[in-house]
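In: sequence first, then the predicted structure, then my questions.
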Amino acid sequence: MRTSLRKKAYILLLLPALVISVSVVLIPGIQTIWSSLTDWNGFSAEKHFVGLANYVELFQDRYFHIALKNNIIWMVLFLTIPVVVGMGMALLLLYRKKGRNILQMIFLIPYVLAPVVTAMIFKNIIYNPTSGLLHFINELNIGLDLSNPLTNRQFGIIAVAAVDMWHFWSYLMIIYLAALRQTPQDQLEAARLDGASFPQLFFHVYLPNIKQTVWLLSIMIVIFSFLAFDYVNLLTQGGPAHYTEVLATLAYTSAFSQQDLGMASAISVVMSGFGLIASVIYIRLTMREERE
Amino acid sequence: MKKRKIAYLLTAAMLTAMLGGCASSGSGETSGDSGTDDASGGDKETISLWFWGTSDYQRTAMDEYLVNGFNESQDEYQLEVEYRSSVDNDIAVALSGEGGPDIVYGSGPAFVSGYANEGLFVNLDDYAEEYGWKDRLVGAYYDLCTVNGSLYSIPGAMTNYGLFYKESVLEENGWSVPETYDDVITIMDEAIADGMYGGLIGAKDWRYTNEWPVTILMTSVAGPDTLYQCLTGGQAWNSDKMIAAVDEMNTWYQNGYMGGEDYWNLDANETFQILLEGGTPFCYAPLNGFQWAKNVATDESQLEDLKFMPLPAKDGGDGAVSLSAACTFSINSQCANPDGAAAVLDYMLNIDFVKNMSAEWPGYWGLPLVDFADVSAEEFEGVSRNYIETCMSGIEALEEGNFSYAAATCFPANTYEACIDIDTVWFGEQTAEEYLQGMDDAYAEDVDNGISLTLPEPN
């Protein structure tokens, strides 16, 4: 009797989350997959089934390949630079008791700035060779003739990603710091008594203890990398010449400029596919660890 | 027990907050009195319109001459304008959910046709008949706003594309107002040699600014007839004349006639600031340039000699004005009071409204009305006078059939998107032929989707 009541209570408690998940995740998700198999324009009452035509067209589109490559570059950059900087700063703060909270707050400022503000700062003050920092450097006449990196074929996407990394790294730092502070003191003291150097402490004591956190954040970075949109749209809208195109801007253009929701849905499904792969990898790794 | 009570209270508070969140709607600021039982609105029926986020002086003009002007002109309807910075996307999303405002602000006739075909906009033929709109609008614009022969929108301001110049800047540098295409090129070359910008276009904030040089140079080099043939399926885009036009655009970009690399580093306001300060002889832009100049002028006197002209034809002769509307206004098929919405549209199609708005906000409200013929530019001062004169000469050119087609207004969706890729030619990613083949492919896709835009033919 008591077990039955408990089960009902569990179901009752799960119900709100379940209803929300089904209504705002599952149903729109299924609708998106269905739309990707149609020629829906976004407002017509009719949707014609076109099979995999949108996917075939998408994989033949050269701008899709540029966008995919840019998303992969984005992911690689985010899995390295902000992770290394965030971890490094977290370690420095870990050993700096005095002023740690103030420094954390200062470092967090870029993270709490609205993306539009951050984009404006970089577009008009940092990257702009007619009035910004680059202009100032060029005016020094030290042999540098810097142009706007956002319009550069090779570095355009890196310049956009740099803005997002500037905004994002402190978030990683805060999470890493919180995780590092949970490292058991007895393990640290034992390692120190054994004469462990700082790199040995990090790789053999700290890192194993925060491995789960690092993994989770890395998986989240992979997922977010394929959803990147804000800064690209604010800084370049995917241009010039599609140099900074990413999957999300491609989907946005299909949906709102070309009124092709079928194609936009197909792009969204591809984007979600990468997130799904990352999630599966994470779950499998977690399960393996639990088994061990 | 006490804990349980607190839990109930917290749950109730959370639910209230959630429901409260559901009740809030919209993301913009509103002008006009809301609701039918509002104190100042009385028993009036509300008519809603979503508009883009304007600057202060623009909003003041909107409130005074559109919102208050309409609301005081009759006692049945109350116009309410909501200013949204993301109006284009908001409207697209709302319409797909069979919602949205009563009066739909659109980006142009090409935007209207798809929605009209799906029955999302009210057929305005009866209202046009009742109010006599066909006689009040310039014929080319009336035709442009029809879909399959029926009217589904009214046009916003004419936004001819061409070059802006300041007579004083030309004079100071020993140049006269250009009369031919070659004059323009000569002045730009000399300006560059003098360390000035040859000409300017600012695409920093909006990659779709690429449609300006596309419109201006396709008109000047390929000509209105060629564009008409391309847009009506009479000939392929990938033709000799169009290749010449795209090659010319590339020459312009490489020679710095559009600001060189600063094409991407400046926005429209900044380019006009440089023009006003004498840093360039020309800015290339649609007629909205008057409002950008007003935005950045530090002194009204800076604007007194700001003039506009279409780019002369490359093979000689005057330039053609571009058939282009800053926006369109349609009536949502979900509108509960289409008669009231039509009354608002009728109010806008009034020369007094156009004059009042243009006096305060030059560059955005020159609706293509036949009554412009009776307007005296002497009634206006400063930049508004120049704007009104430009509108009047534009109307004359339209009546004579000397017009071409602006990309944003007349190109169907996929063709328009393909034309924006002109920067791939500038950056050496595509040849002119490949770019135009892309436009042919996009146009074929638009034809498959069913183009129903009515394009008037130039003389």
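Out: Ah, there it is.
In: so how many other residues sit close to B:Glu118?
Out: Residues lying near B:Glu118 (other Cβ atoms under 10 Å in any protein chain shown) number 17. Using the backbone N, CA and C atoms, a C-beta is placed for each residue, glycine as well.
In: specify the local secondary structure of the nearest residue to it once chain neighbours are set aside.
Out: Excluding its sequence neighbours, the residue lying closest to B:Glu118 (Cβ to Cβ, 6 or more residues apart in numbering or on different chains) is A:Ser44, at 5.0 Å. When classified by DSSP: H, G, I helix; E, B strand; the rest coil, A:Ser44 comes out as coil.
In: swap in the one 3 residues further on?
Out: Three-state assignment for A:Lys47 (three-state DSSP): coil.
In: contact partners for it?
Out: Listed by Cβ atoms under 8 Å, 6 or more residues apart in numbering or on different chains, the contact set of A:Lys47 reads A:Trp34, A:Ser35, A:Thr38, A:Asp39, A:Trp40, A:Gly262.
In: report the buried residues of the host helix or strand of B:Asn89.
Out: For B:Asn89, the host element (DSSP states H and E) is helix B:87-96. By neighbour count with 16 or more other Cβ atoms under 10 Å in any protein chain shown, helix B:87-96 contains the buried residues B:Val87, B:Asp88, B:Asp90, B:Ile91, B:Ala92, B:Val93, B:Ala94, B:Leu95, B:Ser96.
In: in this structure the fourth one contacts B:Gly100, no?
Out: Looking back up the chat, that one is B:Ile91. Yes: B:Ile91 lies in contact with B:Gly100 (Cβ atoms under 8 Å); the separation is 5.8 Å.
In: show me whatever sits in contact with both of those two.
Out: Jointly contacting B:Ile91 and B:Gly100 under the rule Cβ under 8 Å, 6+ apart are B:Trp50.
In: where does pLDDT dip in the chain?
Out: Picked chain A for this. A:1-2 (pLDDT under 70).
In: meant chain B, my bad for not saying
Out: B:1-29, B:31-42, B:452.
In: what about the spatially most central residue of it, distance to chain A?
Out: For chain B, B:Ala326 is the residue whose C-alpha lies nearest the centre (Cα atoms, centre = their mean; 2.0 Å). The spacing between B:Ala326 and chain A, counted by Cβ to the nearest Cβ, to the nearest Å, is 18 Å.
In: sorry, back to before: quick one: the helix holding B:Asn89 near chain A?
Out: Yes: counting by Cβ under 8 Å from any Cβ of the partner chain, chain A has neighbours in helix B:87-96: B:Asp88, B:Asn89, B:Ala92, B:Leu95, B:Ser96.
In: which among those residues gets closest to chain A?
Out: B:Ser96 (4.5 Å; Cβ to the nearest Cβ).
In: how about that closest one: what's its closest non-neighbour residue?
Out: Using Cβ to Cβ, 6+ apart and skipping residues adjacent in sequence, the residue nearest B:Ser96 is A:Phe43, 4.5 Å away.
In: surely that neighbour meets B:Glu118?
Out: Yes: counting by Cβ under 8 Å, B:Glu118 is a contact partner of A:Phe43 at 5.7 Å.
In: next, count neighbours for B:Asp183.
Out: 14.
In: that one and chain A: what is the separation?
Out: For B:Asp183 relative to chain A (Cβ to the nearest Cβ), the value is 28 Å.
In: give me the secondary structure label for that residue.
Out: Criterion first, three-state DSSP; result for B:Asp183: helix.
In: how about the nearest residue to it, chain neighbours excluded?
Out: Once flanking residues are discounted, B:Asp183 sits nearest to B:Pro312: 7.6 Å by Cβ to Cβ, 6+ apart.
In: for chain B, what lies in contact range of chain A?
Out: So chain B meets chain A at B:88-89, B:92, B:95-96, B:114-115, B:118, B:120, B:204, B:206-208, B:261-262, B:264-266, B:270, B:413-414, B:416-417, B:421, B:423-424, B:426-427, B:429, B:449 (Cβ under 8 Å from any Cβ).
In: inside helices: which ones of these?
Out: B:88-89, B:92, B:95-96, B:114-115, B:270, B:413-414, B:416-417, B:423-424, B:426, B:449 (DSSP state H).
In: now for the residues you listed: which two are most distant?
Out: The largest separation in these, counting by Cβ to Cβ, is between B:Glu270 and B:Asn449 at 37.5 Å.
In: burial measure for A:Phe229, as a count.
Out: Neighbourhood size, A:Phe229 [other Cβ under 10 Å]: 15.
In: give me phi/psi at it?
Out: phi -150, psi -50 (degrees, to the nearest 10).
In: where do the helices of chain A begin and end?
Out: Under DSSP H, chain A gives helices at A:2-21, A:27-35, A:53-60, A:62-94, A:100-112, A:115-120, A:133-139, A:156-180, A:185-193, A:198-201, A:207-225, A:230-235, A:247-252, A:261-291.
In: residues near the closest residue to B:Tyr197 other than its chain neighbours, how many?
Out: Distances taken as Cβ to Cβ, 6+ apart place B:Thr280 nearest to B:Tyr197, at 3.8 Å, with adjacent residues excluded. Number of residues near B:Thr280 (other Cβ under 10 Å) recorded here: 24.
In: surely B:Thr280 touches B:Phe272?
Out: No: using Cβ under 8 Å, B:Thr280 makes no contact with B:Phe272, being 9.8 Å away.
In: strands of the stretch 51-200 of chain B, start to end?
Out: Using DSSP state E, counting those that start in this stretch, the strands assigned to the stretch 51-200 of chain B run over residues B:77-84, B:103-106, B:146-147, B:150-151, B:154-155, B:161-166.
In: tell me which of those strands sits most buried.
Out: Stretch with highest mean neighbour count among the strands of the stretch 51-200 of chain B: strand B:154-155 (a mean of 28; mean count of other Cβ atoms under 10 Å in any protein chain shown).
In: pull up the residues of the stretch 51-200 of chain A that are close to chain B.
Out: A:Lys123, A:Asn128, A:Pro129, A:Thr130, A:Ser147, A:Asn148, A:Leu150, A:Thr151, A:Arg153.
In: export those residues as JSON lines, with columns for distance to B:Ala236 and neighbour count.
Out: Listed next are these as JSON lines, based on distance: Cβ to Cβ, whole Å; neighbours: other Cβ atoms under 10 Å in any protein chain shown:
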{"residue": "A:Lys123", "distance to B:Ala236": "39", "neighbour count": "21"}
{"residue": "A:Asn128", "distance to B:Ala236": "40", "neighbour count": "21"}
{"residue": "A:Pro129", "distance to B:Ala236": "40", "neighbour count": "22"}
{"residue": "A:Thr130", "distance to B:Ala236": "39", "neighbour count": "17"}
{"residue": "A:Ser147", "distance to B:Ala236": "37", "neighbour count": "16"}
{"residue": "A:Asn148", "distance to B:Ala236": "36", "neighbour count": "21"}
{"residue": "A:Leu150", "distance to B:Ala236": "35", "neighbour count": "24"}
{"residue": "A:Thr151", "distance to B:Ala236": "31", "neighbour count": "25"}
{"residue": "A:Arg153", "distance to B:Ala236": "30", "neighbour count": "13"}
